[in-house]
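Student: got a predicted model here, sequence first, then my questions.
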Amino acid sequence: MAQVYMERLEIPEKSFRDATHLAVASVHNIDYLATWNCTHLANGKVIKKLMKINESFGIYTPIICTPEELMEV
């Protein structure tokens with residue numbers, strides 16, 4: 001899934017760990033993914049694309065937010 005995210009979410013090679021982090025959270029049905037990365041992960045446009053990708057694969061999309069947002073939940 002990480003490779004799919006790299007391609008379809010246009011995540012640069014240097015940020016492969018971001019894609020892997022996202023893949024682990026999605027595949028393992030983790031409720032929340034807290035990140036300070038608002039470029040590749042905690043970004044409304046990216047999340048919208050991610051939801052479509054995950055739906056097509058039949059996998060879960062975690063709630064992606066910054067740690068600050070998570071503390072408000």
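Tutor: Thanks, I have it.

Student: where does the protein have low pLDDT?
Tutor: Scanning the chain for pLDDT under 70 picks out 73.

Student: helices of that one, start to end?
Tutor: Remark: helices assigned in the chain by DSSP state H are 2-8, 16-27, 44-57, 67-72.

Student: of all the ones you listed, which one is nearest Leu33?
Tutor: helix 16-27 (4.3 Å; Cβ to Cβ). Using the backbone N, CA and C atoms, a C-beta is placed for each residue, glycine as well.

Student: how much does the closest one deviate in direction from helix 44-57?
Tutor: Here helix 16-27 points in a direction 50 degrees away from that of helix 44-57 (axes from the mean of the first three to the mean of the last three Cα atoms, to 10 degrees).

Student: check contacts around Ser26.
Tutor: Ser26 makes contacts with Met1, Leu50, Asn54, Ile59, Tyr60, Thr61, Pro62, as judged by Cβ atoms under 8 Å, 6 or more residues apart in numbering.

Student: most packed of the helices of the chain?
Tutor: Sort those by mean neighbour count, taking mean count of other Cβ atoms under 10 Å, and helix 16-27 sits at the top with a mean of 18.

Student: CA atoms only: put that helix into PDB for me.
Tutor: In PDB, the C-alpha atoms belonging to helix 16-27 read as follows (Å, rounded to 0.1, in the frame of the first residue of the first chain):
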ATOM      1  CA  PHE A  16       8.600   7.000   1.800                       C
ATOM      2  CA  ARG A  17       8.300   6.800   5.600                       C
ATOM      3  CA  ASP A  18       5.200   9.000   5.500                       C
ATOM      4  CA  ALA A  19       3.600   6.600   3.000                       C
ATOM      5  CA  THR A  20       4.600   3.600   5.100                       C
ATOM      6  CA  HIS A  21       3.200   5.200   8.200                       C
ATOM      7  CA  LEU A  22       0.000   5.800   6.400                       C
ATOM      8  CA  ALA A  23      -0.100   2.200   5.000                       C
ATOM      9  CA  VAL A  24       0.400   0.600   8.400                       C
ATOM     10  CA  ALA A  25      -2.400   2.700  10.000                       C
ATOM     11  CA  SER A  26      -4.800   2.000   7.100                       C
ATOM     12  CA  VAL A  27      -4.100  -1.800   6.700                       C
END
